[in-house]
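Novice: Sequence unavailable; structure follows:
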């Protein structure tokens, strides 16, 4: 049989277990750092790929929107050209520049075209608009004598001599100046920036293929100041001598001048085209304007008041209606189609249509006719950029959520592992705390049974003390369980500090009698009453005194004192302090000591047993009684735990009396 003295020397060693736990804990941070680093790298890669993909989608969207807008503008341009070209087709000025036609032939064709304009039922006459043509003239410049202006009168069926109007004077002078031969006439649209003889000489050196390319739509040219379209022609009469001699490209030429009705263009043709291609059930999606460029630009048409008066460069898209000069590679129709297939980036903001009518330049400051568009809801680039930024923000937000989720999972995993470790430590500690008094009770009972207990009073006190320790442990666990389940049952009332300390003394006197600890009480007589529950407050003080005994080290003295402290706002509180002169608590551990299951690594290494619940239960009970707990500690000096409770007021006593009367009545 094991004697009682031997029981006190029994202990458990956890050296290997503690070493294993410390090594496993030290390896966890490296593991999670590696995991988080990998996740961070992965998120950076995903974010970079998302940015690149979003940028590519943005560029593709810009190109698609630009291509769609350019396609609509080109269809608008083709219909606009169809309106202009109808009279050109009707006059039938062929590649030979009318070498086989007389003035009467042009008059006859013009008359037939006008008659067809009155029949709008057939598809062939869709562009036959009589009001588009104001007048048609023959400008005879091939004779050496003074040139003559003839007007085609389809109503009277004859040619009439006409005076040169001021609107046509500048154009007719230019045409007369470029009537020396067909080659020069076909390039009359060029600005006369060098001597006439030099231009003629350079034309003779141009290859025939180049002449055909620059001869846009068989030589029709557009003058935007009149406005008018002109074509060089040869004069043929019905004489036998003229029949025998065919006109040569070196012979002087005359001109057919088709004067257009600018008012019809502005008030009928342009509004109709705008409605056809840019209109809808909810109005125009774009603001549209046609501008005659140059040093002093003119607004020919606008879908909105004052739109088009700004610089062309600020619009969403601008198209040169009649294209660049024919000698430009971009000016050829087939080259323009090729460029459309390779539309990239900003190209759709400014582009040229195929060259149908080169514009006659009177000065270097002359500019082309431009079709400009602007989205009513804002610039298209801004709309695409807004969507792109929205997609980036959404994707970034998702990545941030993903990163936050990963971080939360890591934190939750670490906390779960820490909690599991604490729970395992708790189970081990509780097992030890239960096993030690049970072993003592079993040994004492066995000694009494076997007759090896000469001093029954001593053995009875041993059994009583160990049983009380078991009861305290069970009460502690039950309090913690009720705390987690929110099942506390307490009753607050005004208390005297001496009443609480007397209860604590009765519960702990037996423990102190079996040890060599000294417990000092210092309570002034004039201390005001405080608000609390006797049972719970006693439990708090017992927990603090029990901790002081465990961690006192060599010092065996514990002090319990109480005093009243005045706070701001004329409020007072009663403070009960439990002071020991033990090992103390480091500043890094103070914030953790009130957490459930927490035990300092130094305490575990020193093999000081405990459950890690005492301070957590004490803090919870103190706060449940409208109080709080604080601690001041220094390593090697000791610790002071202080319970703070409000001073009871008269209203508190009255409420307690009402409750007690109600319970008595029941």
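Specialist: On my side now, so go ahead. Since we're looking at a predicted model, the values are computed, not measured.
Novice: Just give the nearest non-adjacent residue to residue 632, would you?
Specialist: Distances taken as Cβ to Cβ, 6 or more residues apart in numbering place residue 640 nearest to residue 632, at 4.8 Å, with adjacent residues excluded. The way it works is simple: take the backbone N, C-alpha and C, and place the C-beta from them, glycine included.
Novice: give me the number of residues near the one you found?
Specialist: 18 (other Cβ atoms under 10 Å).
Novice: how close does it get to residue 617?
Specialist: Residue 640 sits 19 Å away from residue 617, taking Cβ to Cβ, to the nearest Å as the criterion.
Novice: ok so, going back, so the residue nearest to residue 632, which state does it fall into?
Specialist: Put simply, residue 640 is strand when judged by DSSP: H, G, I helix; E, B strand; the rest coil.
Novice: My guess is it contacts residue 575. True?
Specialist: No. Applying Cβ atoms under 8 Å as the test, residue 640 and residue 575 come out as separate, 10.4 Å apart.
Novice: domains for the chain, by residue range?
Specialist: 130-260, 266-380, 456-665 (automatic domain parsing).
Novice: Redo those domains as TSV? Include distance to residue 428 and mean pLDDT.
Specialist: Formatted as TSV, the domains of the chain follow (distance: least, Cβ to Cβ, whole Å; pLDDT from 0 to 100):
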stretch	distance to residue 428	mean pLDDT
domain 130-260	98	77
domain 266-380	70	74
domain 456-665	9	80
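Novice: residues contacting the residue nearest to residue 632?
Specialist: 577, 578, 579, 631, 632, 633 (Cβ atoms under 8 Å, 6 or more residues apart in numbering).
Novice: Give me the number of neighbouring residues for the closest residue to residue 288 other than its chain neighbours.
Specialist: The spatial neighbour of residue 288 that comes closest, neighbours along the chain excluded (Cβ to Cβ, 6+ apart), is residue 303 at 4.5 Å. Around residue 303 there are 22 other residues, counting by other Cβ under 10 Å.
Novice: among the domains of the chain, which is nearest residue 50?
Specialist: For residue 50, the closest of the domains of the chain is domain 266-380, at 21.6 Å, according to Cβ to Cβ.
Novice: how long is the closest one end to end?
Specialist: Using Cα to Cα, to the nearest Å, one end of domain 266-380 lies 27 Å from the other.
Novice: Would you check how far apart the residue nearest to residue 632 and residue 602 are?
Specialist: Taking Cβ to Cβ, one finds residue 640 at 19 Å from residue 602.
Novice: go on, residue 518?
Specialist: 25 Å.
Novice: Neighbour count for those two, which is higher?
Specialist: Neighbour tally, residue 518 and residue 602, criterion other Cβ under 10 Å: the higher count belongs to residue 602, 15 against 11.
Novice: what's near enough to touch the more buried one?
Specialist: 583, 586.
Novice: That one sits in which helix or strand?
Specialist: helix 601-605 (DSSP states H and E).
Novice: now do residue 96
Specialist: Counting by DSSP H and E, residue 96 is part of no helix or strand.
Novice: Please apply the same query to residue 56.
Specialist: helix 15-91.
Novice: State the mean pLDDT of that helix.
Specialist: Mean pLDDT, helix 15-91: 78.
Novice: roughly how far is that helix from the heart of the chain?
Specialist: The chain centre lies 12 Å from the centre of helix 15-91; the measure is Cα atoms, centre = their mean, to the nearest Å.
Novice: Centroid-nearest residue for the protein?
Specialist: Nearest residue to the geometric centre of the chain (Cα atoms, centre = their mean): residue 393, 1.6 Å.
Novice: Now do whatever helix or strand that one lives in: distance to the chain's middle.
Specialist: Using DSSP H and E, residue 393 falls within helix 380-450. Its chain's average C-alpha position is 33 Å from that of helix 380-450, according to Cα atoms, centre = their mean.
Novice: for the helix or strand just after it, packing partners?
Specialist: Downstream of helix 380-450, the next assigned helix or strand under DSSP H and E is helix 456-484. Judged by 3 or more Cβ pairs under 8 Å, 6 or more residues apart in numbering; DSSP states H and E, helix 456-484 is in contact with helix 4-9, helix 380-450, helix 497-514, helix 534-550, helix 614-624.
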